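Q: with the input below, show me the fold.
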Amino acid sequence: MSAEMTIFCLNLSIKKNPSAMLKLLGLAVYAFTIYDVVTSRFANQNDKLIWIIVVVLLPFLGTLLWFLVGREKRL
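A: As a prediction, the model looks like this:
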């Protein structure tokens, strides 16, 4: 599927369901959180593993905790 077709399909779904934009935004923030945890450096590899588990198992709460507490724990 081309990029234009993907954007067109997303545009149609957002017009039919305005809450789709919030869902898409939430998914983007969640994906960025996982990426940020995986690419961050920690003093201990166990800390990284714990943060990955927290973010994956508790998506909303884990994302909030990562941005409020976890980012300060990395090197």
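Q: give the phi and psi angles for the closest residue to I52 other than its chain neighbours, as a check.
A: Closest residue to I52 apart from its sequence neighbours, by C-beta to C-beta, 6 or more residues apart in numbering: V37 at 5.6 Å. In this view, the C-beta of every residue, glycine as well, is placed from N, C-alpha and C. Per-residue torsions, V37: phi -70, psi -50 (degrees, to the nearest 10).
Q: retrieve the pLDDT associated with V37.
A: Looking at V37, its pLDDT stands at 91.
Q: for it, give me its contacts.
A: 48, 51-52, 55, 66, 70 (C-beta atoms under 8 Å, 6 or more residues apart in numbering).
Q: got it, and T33?
A: T33 touches 55, 62-63, 66-67, counting by C-beta under 8 Å, 6+ apart.
Q: adding pLDDT as columns, could you present the residues you listed in JSON lines?
A: Shown next, in JSON lines, are the contacts of T33 (pLDDT from 0 to 100):
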{"residue": "V55", "pLDDT": "93"}
{"residue": "G62", "pLDDT": "92"}
{"residue": "T63", "pLDDT": "91"}
{"residue": "W66", "pLDDT": "91"}
{"residue": "F67", "pLDDT": "89"}
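Q: nearest to G26, of those?
A: T63 (8.9 Å; C-beta to C-beta).
Q: please name the nearest non-neighbouring residue to the closest one.
A: T33 (4.6 Å).
Q: what ranges of this structure fall below the confidence cut-off?
A: 1-18, 73-75 (pLDDT under 70).
Q: show me where the chain has its helices.
A: 3-16, 19-39, 45-57, 59-65, 71-73 (DSSP state H).
Q: which other residues reach the fourth one?
A: By that I understand helix 59-65. In contact with helix 59-65 (C-beta under 8 Å, 6+ apart) are residues 29-30, 33, 51, 54-56, 58.
Q: drop anything exposed from those residues.
A: 30, 33, 51, 54-55 (16 or more other C-beta atoms under 10 Å).
Q: identify the farthest-apart pair in these.
A: Y30 and W51 (13.7 Å).
Q: before we move on, the earlier item: and the residue nearest to I52, how far from K48?
A: 7 Å (C-beta to C-beta, to the nearest Å).
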